[in-house]
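S.K.: mind folding the following:
(one chain, ligands or ions: 2)
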Amino acid sequence: MQAVTITAWMGEIAAAVRAERDHLTQLDAAIGDGDHGVNMNRGFDAVMKALAVQDGALPPGRLLIVVGKTLVSTVGGASGPLWGTALRRAGRALGDGTEFDGPALVGALEAALAAIEELGAASPGDKTMIDALAPAVDRLRDGIEQGQPVEVALAGAARAAEEGARATIPMQARKGRASYLGERSIGHQDPGATSTALVMRALERAVSDAP
Ligand code: ADP
Ligand code: MG
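M.R.: Residues are numbered from 1 along each chain as shown. Ligands and ions are numbered 1, 2, ... in the order given. So this is what the prediction gives:
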């Protein structure tokens, strides 16, 4: 995989969050402040603009650092700094090479997850984006360790993220705005976990469609 994989990934995320913007906003209206779809849409539109003016020679890790900085500076909600820091860390983990393989992708997503856990001080079961990302990273690592082609391992990871997002429905939120609702947060799917599943499905598409 190369820099074009990262650009394709961001394009797939931007398209998916635009298509799902109203759904994400509805989910956030139920247990938050109703801006998650707008936040993600604004952030990834800004990412596409930032990538369009990058010199084509930037290695994939550097591109992810640009993506992360753009998200931090354009998204007001909690999801901006969380995803921004996560993708910046993922970029740092990839380093300056022009190509990356499955194990390097696992390392980058592990770094992203660690950044979100650290910055958000949340753990699995707190009804956040971590409940989608952690099982996705686990599934990806297992697939790569078992020798699966990256796109097959990523298909499993995207499915794990979607299952993880659905599994937030019966959870009570312990972090973020939804935690203010206490028990009333039970019975609603977490918006951040839902968009995280879109991010993982976008990665699977970007890698599967790569030339
Ligand atoms: P805000 O909550 O500031 O309005 P968004 O609506 O964009 O921001 O994002 C809300 C999502 O962010 C939640 O659904 C949850 O998944 C995620 N989130 C909120 N706080 C945390 C946290 N401390 N750790 C991890 N994820 C969090
Ligand atoms: Mg919100």
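S.K.: does any part of stretch 78-93 sit near ligand 2?
M.R.: No - under the criterion of CB under 5 Å from the ion, stretch 78-93 makes no contact with ligand 2; the nearest approach is 7.0 Å. Where C-beta positions appear, they are placed from N, C-alpha and C, glycine not excepted.
S.K.: so how far is that stretch from its chain's centroid?
M.R.: When C-alpha coordinates are averaged (CA atoms, centre = their mean, to the nearest Å), stretch 78-93 and its chain have centres 9 Å apart.
S.K.: could you give the mean pLDDT of that stretch?
M.R.: Averaging pLDDT along stretch 78-93 gives 97.
S.K.: my read is residue 40 is in a strand, agree?
M.R.: No - in this structure, residue 40 is helix, not part of a strand, as judged by DSSP: H, G, I helix; E, B strand; the rest coil.
S.K.: excluding chain neighbours, what is closest to residue 119?
M.R.: Ranked by CB to CB, 6 or more residues apart in numbering and with sequence neighbours excluded, the top spatial neighbour of residue 119 is residue 85, at 5.4 Å.
S.K.: an error on my part: the question was meant for residue 10.
M.R.: Counting by CB to CB, 6+ apart, residue 10 lies nearest to residue 47, which is 5.2 Å off, once chain neighbours are set aside.
S.K.: and that neighbour, what does it touch?
M.R.: Applying CB atoms under 8 Å, 6 or more residues apart in numbering, one finds that residue 47 lies in contact with 10, 13, 14, 67, 70, 71.
S.K.: quick one, phi/psi of it?
M.R.: phi -60, psi -40 (degrees, to the nearest 10).
S.K.: who in this protein is up against ligand 2?
M.R.: 28, 32, 33, 35, 36, 77.
S.K.: apply 6 Å and report the result again.
M.R.: Among all residues of the chain, those adjacent to ligand 2 (criterion: CB under 6 Å from the ion) are 28, 32, 33, 35, 36, 77, 177.
S.K.: what distance do you get for the fourth one to residue 50?
M.R.: Which is residue 35. Using CB to CB, to the nearest Å, one obtains 21 Å as the distance from residue 35 to residue 50.
S.K.: hang on, the earlier thing: any chance of the contacts of residue 47 in JSON lines, with distance to ligand 1 and neighbour count too?
M.R.: Output for these, formatted as JSON lines (distance: CB to the nearest ligand atom, whole Å; neighbours: other CB atoms under 10 Å):
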{"residue": "10", "distance to ligand 1": "18", "neighbour count": "25"}
{"residue": "13", "distance to ligand 1": "14", "neighbour count": "26"}
{"residue": "14", "distance to ligand 1": "16", "neighbour count": "21"}
{"residue": "67", "distance to ligand 1": "16", "neighbour count": "29"}
{"residue": "70", "distance to ligand 1": "15", "neighbour count": "24"}
{"residue": "71", "distance to ligand 1": "11", "neighbour count": "27"}
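S.K.: would CSV of those with secondary structure be doable?
M.R.: Rendered in CSV, the data for the contacts of residue 47 read as follows (three-state DSSP):
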residue, secondary structure
10, helix
13, helix
14, helix
67, helix
70, helix
71, helix
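S.K.: ligand 2: which of the residues you listed is nearest?
M.R.: Looking at the contacts of residue 47 and their distance to ligand 2, the nearest is residue 71, at 14.7 Å (CB to the ion).
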